[in-house]
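Enquirer: Provide a 3D model corresponding to the input given below.
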Amino acid sequence: MNAHRGPGQLGEFLRARRSRLSPSDLGLPSADDRRRVPGLRREEVALLAGVSASYYARLEQGTSFHASAEVLDALARALELDEGERRHLHDLADRRRLGRPDRPTAERVAPALAQLLLALDGVPALVLGRRLDILAWNPLGHALIADHLDVGRVDRPAERPNSAVLAFLDPRARTLYADWSGKARAVVSQLRLVAGRHPDDALFAALIGELTIRSPEFALLWADHAVGSCDGSTYTLDHPLVGSITVNQQTLQPSGADQSLVTFTVDADTASEAALRLLRHRTPPSMVPSTAGSRTAAGGLP
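Expert: This is a model prediction of the structure:
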C-alpha cells in the first residue's frame, strides 16, 4: 500500500497542524485539566471551523472522503494555515488524485524552461523536476551547487542528482550551506507539497523511503508535516573554490507545470558579487554537455 495516499496523509497533516496551536493562541478558554497531548483538541478545531466534532474526527481518521472546498477553507482558517499549507490541505483531500499508482517515467526538460536556461548568461541556474531531480543546469549552476559531481549526470536519467538527496546524504554538498538546518527544513517543506500533489508517484515514495531510512534528520523533519514552497530565499554558501557567497534564489514555475527554473543572483557591489565573478572566470562554458541536451529538449526531439 502506498504510504503517501490521501486520507492517511490528510489525517496526519491535520493532527500535526492542530498540535502546534494552543487554546490561548486562538482566544479559547483553557481547561484546568491536564492535556494528554499538546495543541488543540479535535472538538476545539471543529468548533472554530463550524463543523461537528464527529465529522472532523472522521476526517482525521480517514473515514470521510468528501470534504467540500468551503469546509477545507474553514479548517485552514481555524488552524491558521498559510496559503501554501491551505493549498496542500486541498491537495490531500482531493479524492480525484487517488487511483492506480503513476507509472514511473523519465522526465524531460520542458521546452520553455530549456530555452530560458540556454538564454541565461552569467547567472547560475538549473531546472528541477517534480521530485526535485536536477534535470539540467548551465555551467555556473553546476559550478555553484555541485562542482564535485560529473556535469553530464543530468543527461542520464538513471544518474540524475536529486537536490534532496544531495542536501541530506552527500557529505560535500551538505557542507556547502552555511545554515544547513534552514536549507534542510526548506527542502522537506517543498517535498511535502509534492507529496500532496502526487500521492501515487511510486518514484517519489521510494525517494522518501530512502531518505527516511538513511537520514535521521530527514525522518524527524518529515514527521513534522511542515509545508512550504521555495519560491524565493536568501542564504549563504561556503563554496570550496570562491569562499563565502550569499545568493538570492528565485524559482520560476510555469502555471500547471511540475518543473521549475531556479536562478541564483547576488547583490551588486558586494563580496558575493566578486566571488561570483571569480566563479565565472573559473568555469569554462564548454564544460557542460547538458547544454546540448537542453537544446534537444527545446526542439521537441527525443
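Enquirer: Please enumerate the helices of the stretch 51-200 of the chain.
Expert: Along the stretch 51-200 of the chain, counting by DSSP state H, counting those that start in this stretch, helices occupy 53-61, 69-78, 83-93, 111-119, 139-145, 163-169, 171-174, 180-197.
Enquirer: Domain parsing of this protein, as residue ranges.
Expert: Domains of the chain are assigned by automatic domain parsing as 6-97, 111-298.
Enquirer: Using a markdown table, please lay out these together with mean neighbour count and mean pLDDT.
Expert: To be clear about C-beta, it is placed using only N, CA and C from the backbone, and glycine gets the same treatment. Converted to a markdown table, those look like this (neighbours: other CB atoms under 10 Å; pLDDT from 0 to 100):
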| stretch | mean neighbour count | mean pLDDT |
| --- | --- | --- |
| domain 6-97 | 16 | 75 |
| domain 111-298 | 18 | 87 |
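Enquirer: How about the secondary structure of residue 235?
Expert: Under DSSP: H, G, I helix; E, B strand; the rest coil, the three-state class of residue 235 is strand.
Enquirer: correct me, but it touches residue 179?
Expert: Yes: counting by CB atoms under 8 Å, residue 235 does reach residue 179; the two are 6.1 Å apart.
Enquirer: Make sure residue 11 is actually in contact with residue 57.
Expert: No: using CB under 8 Å, residue 11 makes no contact with residue 57, being 9.7 Å away.
Enquirer: before we move on, back to that, including distance to residue 128, could the helices of the stretch 51-200 of the chain go into a markdown table?
Expert: Shown next, in a markdown table, are the helices of the stretch 51-200 of the chain (distance: least, CB to CB, whole Å):
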| stretch | distance to residue 128 |
| --- | --- |
| helix 53-61 | 32 |
| helix 69-78 | 27 |
| helix 83-93 | 17 |
| helix 111-119 | 10 |
| helix 139-145 | 11 |
| helix 163-169 | 6 |
| helix 171-174 | 15 |
| helix 180-197 | 9 |
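Enquirer: quick one, strands of the protein?
Expert: Counting by DSSP state E, the segments of the chain that form strands are 125-128, 134-137, 232-239, 243-252, 260-265.
Enquirer: so which of the ones you listed gets nearest residue 226?
Expert: strand 232-239 (14.6 Å; CB to CB).
Enquirer: got the angle between that closest one and strand 243-252?
Expert: Here strand 232-239 runs at 150 degrees with respect to strand 243-252, directions being taken by axes from the mean of the first three to the mean of the last three CA atoms, to 10 degrees.
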